[in-house]
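> Build me a structure from this.
(chains A and B)
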There are 2 protein chains.
Amino acid sequence: MTRPLSIGVAGLGTVGAGVVTLLRQNAELIAARAGRPIVVTAVAARDRTRDRGVALDGLRWYDDAVALAADPGVDVVVELIGGSDGPAKALVEAALAAGKPVVTANKALLALHGATLAEQAEAAGVALAFEAAVAGGIPAIKGLREGLAANRILRVTGILNGTCNYILTCMRDQGREFADVLAEAQKLGYAEADPSFDIDGVDAAHKLAILAALAFGRPVDFASVHVEGIRHISALDIKLAEELGYRIKLLGIAAQVEGGISTRVHPCMVPVSHPIAVVDGVYNAVVAEGDFVGRVVLEGRGAGAGPTASAVVADLIDIARNRATPVWGAGIAALAHTPSVPMEQNRGAYYLRLMVLDRPGVLADVTGVLRDHGISLESMIQRGRSPGEAVPIVLTTHECQEAAMRGALAKIAALDSVLEPPALIRIETL
Amino acid sequence: MTRPLSIGVAGLGTVGAGVVTLLRQNAELIAARAGRPIVVTAVAARDRTRDRGVALDGLRWYDDAVALAADPGVDVVVELIGGSDGPAKALVEAALAAGKPVVTANKALLALHGATLAEQAEAAGVALAFEAAVAGGIPAIKGLREGLAANRILRVTGILNGTCNYILTCMRDQGREFADVLAEAQKLGYAEADPSFDIDGVDAAHKLAILAALAFGRPVDFASVHVEGIRHISALDIKLAEELGYRIKLLGIAAQVEGGISTRVHPCMVPVSHPIAVVDGVYNAVVAEGDFVGRVVLEGRGAGAGPTASAVVADLIDIARNRATPVWGAGIAALAHTPSVPMEQNRGAYYLRLMVLDRPGVLADVTGVLRDHGISLESMIQRGRSPGEAVPIVLTTHECQEAAMRGALAKIAALDSVLEPPALIRIETL
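Residues are numbered from 1 along each chain as shown, chains lettered A, B, ... in the order given. A predicted model of the protein is given here:
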């Protein structure tokens, strides 16, 4: 057995401590699979006094993460600081510049600066690995980039944010409203004190941008991802979805469409019979469709110290075994530059729920607007009757263009008899 | 880009033709991902005249597969002949002896001779790759052996035979009996003319033996796998399972248990809420449980030209990129030699369905036998009443040892009032 691979870990939060624990607890097994021991020899974190539940004596300690890159005893840098800029970015750049492989769980960094960092890694001839950045412990990056490498990928769909999936699952199971469940999730530690990064879809969008780059072999393009979160999802819409045979999930979808690649994150109605509809709670899932393989579903825990550490150490084992894959699946020179298609051009079916005054003519007004925008209806349900008062009306459409639906929606929202902002949820039959 | 990787394909059945088609159809994309073109230059098959739906002109043709290994223009040998011995084995041995990497979809070969072949591959320093041998297009080998490499695997469970899963799904959906559905599946081409390899669980057992070797890092041990098929599953038991909240699936299960590793293939009752319960039709699934990652589910098409070719070419891309992994996840010297635990020592819960004469005292006899073997009951249902005639009785047990259950079963089957051989199905809560 060759000499140990020496690791420097920057960031000793839950995940950092998890990586240290995993490398120790399964040391023998990891050495067998990696062909050599993998040992943490240096760490970087600001607070030396905090108890992280893991012994850190004997390790070289850096207050400045970037200094880790310059440590001659560190073979591989593991970046677990987080954040798209600041010390995380500085460290990764410094490590690559020093010719050291980098393993990171940082989706924001990859989504925003991945294109440049991939070029830097390729120029330096070292690995930039990030299995932990998408879907936690699920080997989604490896599965897609290597396992399905023979396929033209037609579409990748994912439940990519455990906080949102947990909240939506609780709302459905318990019939509760969003704000109520969010507050509880925050108490339980399943949602951050500032939850916007998760619930507004930004975290899922970072991950989707990375998956899209891998699936379609082009540099990551976060700016083109359409992003909506789950704040506006109501218990009523979840209930109505069930009645229509759907579940509401926050999905990230990257698909080859006419004119290029469409990337979007938003709540979706998914048929209950689809495997992704039953992925509940904090579980994540990635569904890939390839031209030869058909549909492949990968499901598992999307966050937490254990699953994330599992993915980080899988990357380290690849590095120890010299198993290398270009960041976006192909070398920079061989990447495609397929354009992104704006959301306005997306085609799909829609669920539209309105609160309207129960009086004659309302439906004629609404359906008239849809007709004027070339949108045809698949179904319409008025729930209950209470003349002169507010009742919900649910419409589902056939496939139409997003731009047309937005136009129609603005007109419908402005109708006198429409009392609240309409709820619009896209239907994805996948 | 370096010179093309030159492939020799032995066996031009559906899968062989699929590999040739895939390598041509996605040639550009594969070259980008592999870092060099991958081109079939030679083939081996007996019948030169048969139309395989793919152009074969210009390829070097061998009637004797073993000769492919000696072709100096072949860099990698792809073995798609099938069968655990004969030309398939001879070719793989010859290729490894010639220092050429081998890609095979042959589970029987791997299950029966994998231990020796792995030693030969390691000694020759070349790859023996077999992603296509287990679960078709699902990247299960890569997912388990590389993606979850940081974990101590506690259990691997799989739906590993599409024919059985298709038959069980039809039986459930249509309330039909096994023989009837099998005959139809044979007509439709979903089952072989001689179906015993699939329906008696042998094919699934080959795949499970391979998964167990990877999961627990030991040489493959097919002889220790307990194997039962689905011939004895009745429409009645499928219906009763649904009533109890279970689905019947043919599962392969490899688990770390007291005293070693238990490997078994048999019909199981699985809770409907488990992700594997909703994997229907020809789909396969592999569920791995790791100490850090938790539960990971991989699902996709387990057979067919496209999915199998996808897996074969993924292996070729790994070889083109020089990504190498030891056959059982660790080098031969680092493998464990954990013993296999015989089925008699397995512990689990059971579903037992009897056809008994509806007369006083029958239940006392049956439950008396169970008591005498130390088996405690979880539930008992008698379905319907018809004094003096046959009625079904369903018993479910708490966890007990297989040996005790077998002893009790022999005694129960011999009771006067028990009219047919009892149906015994293991309950797996996973």
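
> Not counting sequence-adjacent ones, nearest residue to A:Arg301?
For A:Arg301, the nearest residue in space outside its immediate sequence neighbours is A:Pro307; the separation is 4.1 Å by C-beta to C-beta, 6 or more residues apart in numbering or on different chains. Quick note: C-beta positions are derived from backbone N, CA and C, even for glycine.

> quick one: that neighbour and B:Val293 touch, right?
Yes. A contact is recorded between A:Pro307 and B:Val293 when judged using C-beta atoms under 8 Å, the distance being 5.0 Å.

> that older thread, and what about the residue nearest to A:Arg301, helix, strand or coil?
For A:Pro307, the secondary-structure state derived from DSSP: H, G, I helix; E, B strand; the rest coil is helix.

> coming back round to it: shared neighbours of A:Pro307 and B:Val293, which are they?
Common contact partners of A:Pro307 and B:Val293 (C-beta atoms under 8 Å, 6 or more residues apart in numbering or on different chains): A:137, A:300-301.

> Please pull up the helix or strand immediately following the helix or strand hosting A:Ala123.
Element membership of A:Ala123, judged by DSSP states H and E, is helix A:107-124. Following helix A:107-124 in sequence order, the next helix or strand is strand A:128-129 (DSSP H and E).

> Just the buried residues from the shared contacts of A:Pro307 and B:Val293, in PyMOL please.
A single PyMOL command is used to select the members of the shared contacts of A:Pro307 and B:Val293 judged buried by 16 or more other C-beta atoms under 10 Å in any protein chain shown:
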select buried, chain A and resi 137+300+301
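
> Mind putting the shared contacts of A:Pro307 and B:Val293 into TSV with secondary structure and pLDDT?
Supplementary listing: the shared contacts of A:Pro307 and B:Val293 in TSV, determined by DSSP: H, G, I helix; E, B strand; the rest coil; pLDDT from 0 to 100:
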residue	secondary structure	pLDDT
A:Gly137	coil	96
A:Gly300	strand	98
A:Arg301	strand	96
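
> quick check, nearest of the shared contacts of A:Pro307 and B:Val293 to A:Ala320?
Using C-beta to C-beta, the shortest approach to A:Ala320 within the shared contacts of A:Pro307 and B:Val293 belongs to A:Gly137, at 19.3 Å.

> Verify the stated contact: A:Ala94 with A:Ala70.
Yes. Counting by C-beta under 8 Å, a contact exists between A:Ala94 and A:Ala70, whose distance comes to 7.2 Å.

> Compare the two and say which one has the larger neighbour count.
Neighbour count, other C-beta atoms under 10 Å in any protein chain shown: between A:Ala94 and A:Ala70, A:Ala94 has more, with 19 against 15.

> where's the more buried one, which helix or strand?
In the assignment (DSSP H and E), A:Ala94 maps to helix A:86-97.

> Name the residues that touch that helix?
Under the contact criterion C-beta under 8 Å, 6+ apart, helix A:86-97 has outside partners A:10-11, A:44, A:64-66, A:68-70, A:77, A:79, A:81-83, A:101-102, A:104, A:106, A:109, A:113, A:117, A:120-121, A:124, A:126, A:128.

> Now it: buried residues?
Using 16+ other C-beta under 10 Å as the burial criterion, the residues of helix A:86-97 that qualify are A:87-96.

> re the thing from before, now do the contacts for the residue nearest to A:Arg301.
With contacts defined as C-beta under 8 Å, 6+ apart, A:Pro307 is in contact with A:136-138, A:300-301, B:292-294.

> mind running it again at 6 Å?
Going by C-beta atoms under 6 Å, 6 or more residues apart in numbering or on different chains, A:Pro307 touches A:136-137, A:301, B:293.

> ditto for A:Ile233
A:Ile233 makes contact with A:178, A:267, according to C-beta under 6 Å, 6+ apart.

> Pop out the phi and psi values for it.
Main-chain dihedrals, A:Ile233, degrees, to the nearest 10: phi -80, psi 130.

> ok so, going back, out of the buried residues of helix A:86-97, flag the one nearest to A:Val181.
Closest approach between these and A:Val181, by C-beta to C-beta: A:Ala88, at 30.9 Å.

> low-confidence ranges in chain A?
When residues are selected by pLDDT under 70, those of chain A lie in A:1.

> which bits of it sit near chain B?
On the criterion C-beta under 6 Å from any C-beta of the partner chain, chain B has as its neighbours in chain A the residues A:22, A:26, A:32-33, A:137, A:139, A:142-143, A:147, A:149-152, A:292-294, A:296-301, A:306-307, A:309-310, A:313-314, A:317, A:323, A:329-330, A:334.

> What segments of the stretch 151-300 of chain A are strands?
Listed in chain order, the strands found in the stretch 151-300 of chain A under DSSP state E, counting those that start in this stretch are A:153-159, A:226-227, A:246-257, A:260-271, A:283-290, A:294-301.

> Format those as JSON lines; extra columns: distance to B:Leu240.
Shown next, in JSON lines, are the strands of the stretch 151-300 of chain A (distance: least, C-beta to C-beta, whole Å):
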{"stretch": "strand A:153-159", "distance to B:Leu240": "34"}
{"stretch": "strand A:226-227", "distance to B:Leu240": "48"}
{"stretch": "strand A:246-257", "distance to B:Leu240": "29"}
{"stretch": "strand A:260-271", "distance to B:Leu240": "28"}
{"stretch": "strand A:283-290", "distance to B:Leu240": "30"}
{"stretch": "strand A:294-301", "distance to B:Leu240": "29"}
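
> and A:Glu344, which of these is closest to it?
Taking C-beta to C-beta as the criterion, A:Glu344 comes closest to strand A:226-227 out of those, the separation being 9.2 Å.

> Can you list the strands that the closest one pairs with?
For strand A:226-227, the pairing partners within the sheet under DSSP bridges are strand A:260-271 (parallel).

> could I have the partner strand exported to CSV, CA atoms only?
Coordinates of each C-alpha in strand A:260-271 appear next as CSV, following Å, rounded to 0.1, in the frame of the first residue of the first chain:
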residue,chain,number,x,y,z
GLY,A,260,-31.8,24.8,-26.7
ILE,A,261,-31.9,23.9,-23.1
SER,A,262,-34.6,24.9,-20.7
THR,A,263,-33.7,25.1,-17.0
ARG,A,264,-36.2,25.9,-14.3
VAL,A,265,-37.0,25.4,-10.6
HIS,A,266,-40.6,25.8,-9.5
PRO,A,267,-43.4,24.0,-7.8
CYS,A,268,-44.9,21.3,-10.0
MET,A,269,-47.9,19.1,-10.1
VAL,A,270,-46.6,15.5,-10.6
PRO,A,271,-48.8,12.5,-11.3
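
> Give me the buried positions along it.
When burial is assessed from 16+ other C-beta under 10 Å, strand A:260-271 yields the following buried residues: A:260-270.

> The helix holding A:Ala123 versus helix A:86-97: what angle between them?
Angle of helix A:107-124 versus helix A:86-97, following axes from the mean of the first three to the mean of the last three C-alpha atoms, to 10 degrees, is 20 degrees.

> rewinding a little: now list the buried members of the residues of chain A next to chain B.
Buried subset of the residues of chain A next to chain B (neighbour count, 16+ other C-beta under 10 Å): A:22, A:26, A:32-33, A:137, A:139, A:142-143, A:147, A:149-152, A:292-294, A:296-301, A:306-307, A:309-310, A:313-314, A:317, A:323, A:329-330, A:334.
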